[in-house]
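Undergrad: Give me a model of this one.
(chains A and B)
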2 protein chains.
Amino acid sequence: MALYVNKYGGTSVGRIDRIQNVAEQVIKARQQGDDLVVVVSAMSGETNRLLALAHEIQEQPKPRELDVLLATGEQVTIALLAMALEEKGCPARSYTGAQAGIVTDAAHTKARVESIDCDVIRADLAAGRVVIVAGFQGVTEEGDITTLGRGGSDTTAVALAAALKADECRIYTDVDGVYTTDPRVEPRARRLKQITFEEMLEMASLGSKVLQIRSVEFAGKYNVPLRVLSSFEEGEGTLITYEAQDMEKALISGIAFNRDEAKLTLERVPDRPGIAHQILGPIADANIEVDMIVQNIAGDGATDFTFTVHRNDYKKAMDILQQIRQDLGAEGVTGDADIVKVSLVGVGMRSHAGIASTMFKALADDGINIRMISTSEIKISVVVDEKYLELAVRSLHEAFDLGKEP
Amino acid sequence: MALYVNKYGGTSVGRIDRIQNVAEQVIKARQQGDDLVVVVSAMSGETNRLLALAHEIQEQPKPRELDVLLATGEQVTIALLAMALEEKGCPARSYTGAQAGIVTDAAHTKARVESIDCDVIRADLAAGRVVIVAGFQGVTEEGDITTLGRGGSDTTAVALAAALKADECRIYTDVDGVYTTDPRVEPRARRLKQITFEEMLEMASLGSKVLQIRSVEFAGKYNVPLRVLSSFEEGEGTLITYEAQDMEKALISGIAFNRDEAKLTLERVPDRPGIAHQILGPIADANIEVDMIVQNIAGDGATDFTFTVHRNDYKKAMDILQQIRQDLGAEGVTGDADIVKVSLVGVGMRSHAGIASTMFKALADDGINIRMISTSEIKISVVVDEKYLELAVRSLHEAFDLGKEP
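TA: The predicted structure is shown next:
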């Protein structure tokens, strides 16, 4: 007999008939003799409805009160799912975050889980009940309602799975797993049976936004096996594990990409200590997040300094560079908002040489010019012109044979 | 400096602009230097929306889960009102029933308040904040969310006023007070400046449904001065007090009526002990509530036994009487679903004779035939044909000079 924590997102519980479907899935899982804790989000659209009410009153609502308001969304879902289970003859009991003993810090609207008192949940499971917990929310030591930020229901599920030492945390969503790349770009993209937490973090932050990053970090930290599945189709989804369990694992897990990049270059900056900070300090002060950073030394005491930002921040970043250019003694400022980033991701590349050259050759063979390169332990990212995005993804998918089971 | 508990119903907070109006009223009251605790209902329509969702799933939803669901209605309002106050520069903090320490028994959907821990509220008031509490809800000792039944927000307000020893509990509603009778029937009806709890109970149960009866009983028990006011118009409303404070008070406070009555008579039942129970036992078993009961002894060992029920229960009650008629030895069963009850209410009548005769004379002068009479300490009720309702009310309003200030 195993213990599972199942999490269903807003789309999966967005209508009464879908809540009833979830109830049936839960009952089917129970019939296999397993214990179940179910975490649910607000019905899709509900959080936005509540936010709209708040914003009619205050442009920036008080975070404490916003949390009181938004927490009602999941509270509605837990009650309805409990009713649906009871109606089908399955004993169930619902708990808000506070009732489930999910204690967080007091950082309203983006609180972090500090501890979970699982006594109530364990007693219910022992009594043969399905336990339903409102995702996304908790309570401070002082009794104030908090929320964990958008997508926080994933975090709730993982935190509960860790606290209960569950056998698996299953995130049911509207995709049936993690793919080698976006199937809308490469139809031959294949669902991965498993992926490591580190790879998942790279895949998620690069655009395959299946799971909230924080929940993946959390799962990795507490070694909770995490599985992404579809709530609408049968299937085993993708298992996200701490360590690659198969030593014969493929070198490359997938290809992530990000359409929303823009790059900026300060040309021929004098190469002296502290220059990177002098450039990126004002950028950070303006709350602009920087993604890739590349610096090439020209050899004559001057350097080209290039970095990428979200395309929405391009103009603001460009203005800042124009302002600091003279102080820095740079010869010019250039930029390009029509670029994309394509990344190879795989823990396998740690121990295998030749990945980069295979990648660059594949792109060259298809006539794709690489504008920027950046590497880390488990990924290689290139920046290319936007028009080459699809071609680059397909070219790499083919070159590393990702369409085939390893 | 006084402490007031203000309660605003669903209509008063039914839209964002109305919530903002309430915020302005609260701020105005605060500017007079008083402390305020504000109790709010769910936005009008919200409870019905939630009930409809539940009933899509279960005909009879589990009461525990229904409470989890319905409690979200008030939780939305408290957050929005707190935001509206903060937006206008007034420090405020919202509390659910559980957070406000409102502990109830475990009778889900109709729980009773057992205790209130006011420490948190007192601390906030001392810190200069307006405290906003979700009406209608509480929490059991075990931490389960409960609700107090429809209209329970009034009870929350009165219970908080009692626990905090507030100077007054003010119920803001869509009428501006308690009237001598329904102004739609008698345009000369006058708003009462004050009324006793006992009179209010009779007026409320007889159709002037301004306040939830339980909250009036509660206020009487704990001697909380209760005031009914309009949330849309200025005015001092009606004060509901434990004792008539003015010895010169009018004999009669008002005229209540009930359109939904029906009467049934068992004719010439043998007059023997236990006969009333033999008749009303089966009626009670069928969950039919009986209002007036009148028995006249004819003198020859037989009696006519008459009672009134809600008009919706008329057919069911008639069927039962037909079934038991023979066993009881009654000669016949008659009934009338086209009757109404009109009642004079006033604590003054306790010590004054002649009220009844004035009443009966006024009705007789207008040619209204009295079909049934029943009296209690502070009211006299008559049953008349439905067509005479308006005439009877106006006739009595005139006879007791209720249009004039006493």
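
Undergrad: Going by C-alpha atoms from here, please, whenever you check contacts or count neighbours.
TA: Fine.

Undergrad: what about the worst-scoring helix or strand of chain A on mean pLDDT, distance to the chain center?
TA: Within chain A, no helix or strand scores below helix A:197-205, which has a mean of 80 by mean pLDDT, DSSP states H and E. Relative to its parent chain, helix A:197-205 has a centroid offset of 8 Å by Cα atoms, centre = their mean, to the nearest Å.

Undergrad: Quick check: next helix or strand after that helix?
TA: Counting by DSSP states H and E, the next helix or strand C-terminal to helix A:197-205 is helix A:213-221.

Undergrad: ok, the closest residue to chain B within the stretch 101-250 of chain A - contacts?
TA: Nearest residue of the stretch 101-250 of chain A to chain B (Cα to the nearest Cα) works out as residue A:143 at 6.7 Å. Residues in contact with residue A:143 (Cα atoms under 8 Å, 6 or more residues apart in numbering or on different chains) are A:98, B:99.

Undergrad: Spell out the secondary structure type for it.
TA: coil (DSSP: H, G, I helix; E, B strand; the rest coil).

Undergrad: do the same with residue A:82
TA: helix.

Undergrad: Just the pLDDT for it.
TA: pLDDT for residue A:82: 98.

Undergrad: Check which helix or strand the closest residue to residue A:332 other than its chain neighbours maps to.
TA: Excluding the flanking residues, the one nearest residue A:332 by Cα to Cα, 6 or more residues apart in numbering or on different chains is residue A:267, at 5.0 Å. Using DSSP H and E, residue A:267 sits in strand A:254-270.

Undergrad: can you tell me the helix or strand for residue A:367?
TA: Counting by DSSP H and E, residue A:367 is found in no helix or strand.

Undergrad: go on, residue A:69?
TA: Per DSSP H and E: helix A:63-87 holds residue A:69.

Undergrad: tell me the angle that helix makes with helix B:63-87.
TA: 160 degrees (axes from the mean of the first three to the mean of the last three Cα atoms, to 10 degrees).

Undergrad: Compute the number of surrounding residues for the closest residue to chain B within the stretch 251-400 of chain A.
TA: In the stretch 251-400 of chain A, no residue comes nearer to chain B than residue A:287, which is 26.1 Å away by Cα to the nearest Cα. Look at residue A:287: counted by other Cα atoms under 10 Å in any protein chain shown, it has 9 neighbours.

Undergrad: tell me which element residue A:395 falls in.
TA: Judged by DSSP H and E, residue A:395 forms part of helix A:389-399.

Undergrad: One more: residue A:240?
TA: strand A:238-241.

Undergrad: helices or strands up against that strand?
TA: If you count contacts as 3 or more Cα pairs under 8 Å, 6 or more residues apart in numbering or on different chains; DSSP states H and E, strand A:238-241 packs onto strand A:194-196, helix A:197-205, strand A:226-230.

Undergrad: partners of it, with directions?
TA: Note on strand A:238-241: by DSSP bridges, its sheet partners are strand A:194-196 (parallel), strand A:226-230 (antiparallel).

Undergrad: Please verify my assumption that residue A:393 contacts residue A:342.
TA: Yes - proximity of residue A:393 to residue A:342 meets the contact threshold set by Cα atoms under 8 Å, at 7.1 Å.

Undergrad: where do the contact lists of those two overlap?
TA: What both residue A:393 and residue A:342 touch, as defined by Cα under 8 Å, 6+ apart, is the set residue A:255.

Undergrad: Run through the stretch 51-200 of chain A and note the low-pLDDT ranges.
TA: A:150 (pLDDT under 70).

Undergrad: which stretches of it form strands?
TA: Remark: strands assigned in the stretch 51-200 of chain A by DSSP state E, counting those that start in this stretch are A:92-95, A:102-104, A:113-116, A:130-134, A:137-139, A:145-147, A:168-173, A:194-196.

Undergrad: List, one by one, the residues from chain A near chain B.
TA: A:16, A:20, A:53-54, A:56-58, A:61-62, A:65-66, A:68-69, A:72, A:75-76, A:79-80, A:82-84, A:86-87, A:93-94, A:99, A:143-144 (Cα under 8 Å from any Cα of the partner chain).

Undergrad: Now, of these, which are buried?
TA: Neighbour-count burial (16 or more other Cα atoms under 10 Å in any protein chain shown) is assigned, among the residues of chain A next to chain B, to A:16, A:20, A:54, A:57-58, A:61-62, A:65-66, A:68-69, A:72, A:75-76, A:79-80, A:82-84, A:86-87, A:93-94, A:99, A:144.

Undergrad: Which strand residues bridge residue A:333?
TA: Here residue A:333, judged by DSSP bridges, has bridge partners residue A:266.

Undergrad: The nearest residue to residue A:254 once chain neighbours are set aside: neighbour count?
TA: Closest residue in space to residue A:254, ignoring its immediate chain neighbours: residue A:180 at 4.0 Å, by Cα to Cα, 6+ apart. Residues lying near residue A:180 (other Cα under 10 Å) number 25.

Undergrad: Please render the helices and strands packed on strand A:238-241 as a markdown table that adds mean neighbour count and distance to residue B:382 to the earlier fields.
TA: Shown next, in a markdown table, are those (neighbours: other Cα atoms under 10 Å in any protein chain shown; distance: least, Cα to Cα, whole Å):
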| stretch | mean neighbour count | distance to residue B:382 |
| --- | --- | --- |
| strand A:194-196 | 23 | 80 |
| helix A:197-205 | 23 | 76 |
| strand A:226-230 | 24 | 68 |
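
Undergrad: could you dump these to a markdown table with distance to residue A:112?
TA: Formatted as a markdown table, these follow (distance: least, Cα to Cα, whole Å):
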| stretch | distance to residue A:112 |
| --- | --- |
| strand A:194-196 | 24 |
| helix A:197-205 | 19 |
| strand A:226-230 | 19 |
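
Undergrad: Any idea which of those gets closest to residue B:34?
TA: helix A:197-205 (53.1 Å; Cα to Cα).

Undergrad: other SSEs contacting the closest one?
TA: helix A:213-221, strand A:238-241, strand A:254-270, strand A:332-345.

Undergrad: which intervals of the stretch 301-406 of chain A have sub-threshold pLDDT?
TA: For the stretch 301-406 of chain A (pLDDT under 70), the answer is A:351-353.

Undergrad: so what's residue A:227 bridging to?
TA: Under the criterion used (DSSP bridges), residue A:227 bridges to residue A:170, residue A:239.

Undergrad: give me every residue that touches it.
TA: A:168-171, A:237-240.

Undergrad: and if you look at residue A:311?
TA: Per Cα under 8 Å, 6+ apart, neighbours of residue A:311: A:260-262, A:337.

Undergrad: who's in contact with the residue lying closest to residue A:56 once chain neighbours are set aside?
TA: Nearest residue to residue A:56 in three dimensions, chain neighbours excluded: residue B:16, at 7.2 Å (Cα to Cα, 6+ apart). Counting by Cα under 8 Å, 6+ apart, residue B:16 touches A:53, A:56-57.

Undergrad: Among the residues you listed, which one sits closest to residue A:34?
TA: residue A:53 (40.9 Å).

Undergrad: Show me which residues of stretch A:88-97 are buried.
TA: A:90-97.
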